[in-house]
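Enquirer: could you look at this predicted model? Sequence included:
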Amino acid sequence: MSATEPRGIAAYTAARIELLGTTVVSGARALWALWLLFIATVAGLVRGGRPRGEIARQMYVIGNRSLLFIAVTLGFIGMVIVYQTCLQFNKVTGDFSQVGSQFIRLAVSDFAPTLTAMMLATRVGAGIAAEIGSMKVTDQIDALRMSGVLPVDYLIVPRVVASLVMTVVMAILGCLICYVAGGLTAEHSFGVNPEVFYDLSLLRWQHLGLGLAKASSYGIAIPVVAGFFGLRAQGSSEGVGWATTSAVIGGSFAVILLDFVWSIFGFFLFGASL
Amino acid sequence: MSQAPQRAYIEFVEVAKAFSGKPVLSGMSLDVRRGEVLFIIGTSGVGKSVTIKHLIGLLQVDAGEIWFDGRRIDQLDERDFPAIRKRIGMVFQNSTLFDSMSLAENVALPLRKHKGMRQKHAVVEARRRLEQVYMAEFADRYPAEMSDGMRKRAAIARTLSLDPEVVLFDEPTTGLDPVNARRIDRLIRELAEKLGVTAVVVSHDLVSIFSIADRIAFLYQGRVHALGTPAEIKGSADPIVQQFIRGLSSGPMETPGF
């Protein structure tokens, strides 16, 4: 008993360390592969050779699928945030003059593009991963290669361009909707004068720049991550399911991570003036 | 015969391939002669499709060599393979037509990409190719509206549009009714006899195997277990070969998963 126990613990520890090691190594490899896919996408963007009309088609698919979804979600978020803020102000000072101007500052530079992109990561990311994943498991990706086509040029590049444009458009739209919904909530529930709420004096070009930079980077990241998992799908329908789930998780995570990176960047660039 | 007399037209030399640590091919060697119809047979998961996918760079070998027409091709990278893929075509098991394109556009795609044809000319040529497989009237329809047999025929037209020297067929008759299956068999035979196309066919359709093959390679446990003409395989004394070609559920053959 006593002779086998230390060996058992040692073996157990060794197995754990090995598992940790393989997880780290395969994770690092996957990140490297993701980076290579991003580089290949940029190269494909320069090279051209995508099917005609595909970008417009993808823009329609992404925009049309997400418009109502984004409008409803961002509308409700605007209402909830403004309501909660007013509620807290009411308890402390009762002064609502700053609510609207602070809200739009925050919405433009951070949560409108980020929450829009989180929604798009689920909707658009899942769609892209499912489509490319099912092409992968039915050998259509290999058939593309046999036809002399680079799958990245044909499948990823048009989706990236379309998603970049539509994410920016949706972020602007989402921002407007949550601003309007927030203002209506403030007026209806707390009697805040719309002229006081819709005050843009605190908004600077830095906020707009940061918001657009975030929206653009999310727009690129979502289809690249989704395409990455789609191209990794293996087996049959189960593999497509795995790709779809991974795309949603990976896409949302990428959005959060990019938000963090851009926010740090903004802080160092503009400092306290932001 | 070919440029390199010491090498066969297509030659696999001691090829090994494993997937996530599980060996599929282990020291597999096989020659393919120019103009023959060679069948690769064996149970599911034995590495038949894996074998032929190496020829066109869809998979990379772990060890071993692959030669094609006097040139070693197993070390080429993705940039060099388009030249090989013009000469070696593949008909996949699922017909793999692109759902978002009509049949004519599907067939036109390799013509545009490999031969640099303009869309208009490529579509005209594609229609002519579809005619050869009796699919001309469906040229503007989409794959989702077609039956399996029709999709297969369109996929064959797409592969043949580049006039390849070698065509790899991955289970061409699986999932087809007997009439369509025999038509595909006849097509493969005609390709070899009329156009001199070399055909490598992965199959476990016993009727095809014994009606159109010139030679048969029987894959078992990661290597070629038996190789010969249909008559030789039929007359083989090897109990494992006999079990496979008679379709017996019990015998000496070890099949993973059962």
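Expert: That came through, no problem.
Enquirer: where along the stretch 51-200 of chain B do the helices fall?
Expert: Assigned by DSSP state H, counting those that start in this stretch, the helices in the stretch 51-200 of chain B fall at B:81-87, B:103-115, B:119-132, B:148-160, B:178-195.
Enquirer: what's the closest of these to residue A:217?
Expert: helix B:103-115 (31.7 Å; C-beta to C-beta). No exception for glycine: its C-beta is placed from N, CA and C like everyone else's.
Enquirer: identify the residue of the stretch 51-200 of chain A closest to chain B, quick one.
Expert: Closest contact between the stretch 51-200 of chain A and chain B, by C-beta to the nearest C-beta, is at residue A:148 (3.4 Å).
Enquirer: any idea how far that residue is from residue A:132?
Expert: For residue A:148, the distance to residue A:132 equals 19 Å [C-beta to C-beta, to the nearest Å].
Enquirer: ok, these two, which is more surrounded?
Expert: Comparing residue A:148 with residue A:132 by other C-beta atoms under 10 Å in any protein chain shown, the one with more neighbours is residue A:132, at 27 against 20.
Enquirer: helix, strand, or coil at residue A:91?
Expert: Three-state call for residue A:91 (DSSP: H, G, I helix; E, B strand; the rest coil): helix.
Enquirer: meant to ask about residue B:38, not that
Expert: strand.
Enquirer: if I look at it, how far off is chain A?
Expert: Note on residue B:38: its distance to chain A, by C-beta to the nearest C-beta, to the nearest Å, is 20 Å.
Enquirer: show me where pLDDT drops low in the chain?
Expert: All of this refers to chain A. Within chain A, the ranges that satisfy pLDDT under 70 run A:1-6, A:49, A:272-274.
Enquirer: should've been chain B
Expert: Ranges of chain B meeting pLDDT under 70: B:1-5, B:256-258.
Enquirer: enumerate the residues of it near chain A.
Expert: B:53, B:56-58, B:78, B:81-82, B:85-86, B:89-90, B:92-94, B:96-98, B:109-110, B:113-114, B:158-159 (C-beta under 8 Å from any C-beta of the partner chain).
Enquirer: tell me the residues of the stretch 101-250 of chain A that contact chain B?
Expert: Residues of the stretch 101-250 of chain A found near chain B (C-beta under 8 Å from any C-beta) are A:138-140, A:142-149.
Enquirer: what comes up buried for the host helix or strand of residue A:79?
Expert: Using DSSP states H and E, residue A:79 falls within helix A:54-92. Within helix A:54-92, the residues that count as buried by 16 or more other C-beta atoms under 10 Å in any protein chain shown are A:54-55, A:58-59, A:61-63, A:66, A:70-71, A:73-75, A:77-79, A:81-83, A:85-86, A:89.
Enquirer: not counting its neighbours along the chain, what's nearest the residue of the stretch 101-250 of chain B found nearest chain A?
Expert: Per C-beta to the nearest C-beta, residue B:113 is where the stretch 101-250 of chain B lies closest to chain A, at 3.4 Å. Nearest non-adjacent residue to residue B:113, counting by C-beta to C-beta, 6 or more residues apart in numbering or on different chains: residue A:148, 3.4 Å away.
Enquirer: that neighbour: what secondary structure?
Expert: At residue A:148 the chain is in coil, as set by three-state DSSP.
Enquirer: now do it against residue A:25, distance only.
Expert: Counting by C-beta to C-beta, the gap from residue A:148 to residue A:25 is 34 Å.
Enquirer: how about residue A:221?
Expert: 24 Å.
Enquirer: more neighbours: which of these two?
Expert: Legend: neighbour count by other C-beta under 10 Å for residue A:221 and residue A:25, higher for residue A:221 (26 against 10).
Enquirer: same list (the helices of the stretch 51-200 of chain B) but as CSV, adding mean neighbour count.
Expert: CSV is the format used below for the helices of the stretch 51-200 of chain B (neighbours: other C-beta atoms under 10 Å in any protein chain shown):
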stretch, mean neighbour count
helix B:81-87, 17
helix B:103-115, 24
helix B:119-132, 17
helix B:148-160, 23
helix B:178-195, 16
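Enquirer: switch those over to JSON lines; also include distance to residue A:236.
Expert: JSON lines is the format used below for the helices of the stretch 51-200 of chain B (distance: least, C-beta to C-beta, whole Å):
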{"stretch": "helix B:81-87", "distance to residue A:236": "26"}
{"stretch": "helix B:103-115", "distance to residue A:236": "23"}
{"stretch": "helix B:119-132", "distance to residue A:236": "30"}
{"stretch": "helix B:148-160", "distance to residue A:236": "17"}
{"stretch": "helix B:178-195", "distance to residue A:236": "23"}
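Enquirer: among those, which comes closest to residue B:44?
Expert: Residue B:44 lies closest, by C-beta to C-beta, to one member of those: helix B:178-195, at 17.9 Å.
Enquirer: for that closest one, the distance to its chain's centre please.
Expert: Offset of helix B:178-195 from its chain centre (C-alpha atoms, centre = their mean, to the nearest Å): 13 Å.
Enquirer: then stretch A:47-65?
Expert: That offset, for stretch A:47-65, works out to 19 Å (C-alpha atoms, centre = their mean).
Enquirer: may I have that stretch as CSV, with CA atoms only?
Expert: The C-alpha trace of stretch A:47-65 is given here as CSV (Å, rounded to 0.1, in the frame of the first residue of the first chain):
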residue,chain,number,x,y,z
ARG,A,47,-5.1,39.4,-54.4
GLY,A,48,-8.8,39.6,-55.4
GLY,A,49,-10.3,36.7,-57.2
ARG,A,50,-13.5,36.4,-55.2
PRO,A,51,-16.7,35.5,-56.8
ARG,A,52,-18.6,38.4,-58.3
GLY,A,53,-21.5,39.8,-56.3
GLU,A,54,-20.5,37.7,-53.3
ILE,A,55,-19.7,40.6,-51.0
ALA,A,56,-23.1,42.3,-51.8
ARG,A,57,-24.9,39.0,-51.2
GLN,A,58,-23.1,38.5,-47.8
MET,A,59,-23.8,42.0,-46.8
TYR,A,60,-27.5,41.4,-47.5
VAL,A,61,-27.4,38.2,-45.5
ILE,A,62,-25.6,39.7,-42.5
GLY,A,63,-27.5,43.0,-42.4
ASN,A,64,-30.9,41.5,-43.1
ARG,A,65,-30.5,38.7,-40.6
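Enquirer: who touches it?
Expert: The set of residues external to stretch A:47-65 that reach it, using C-beta atoms under 8 Å, 6 or more residues apart in numbering or on different chains, is A:44, A:120, A:123-124, A:127, A:150, A:153-154, A:157-159, A:161-163, A:165-166, A:169-170.
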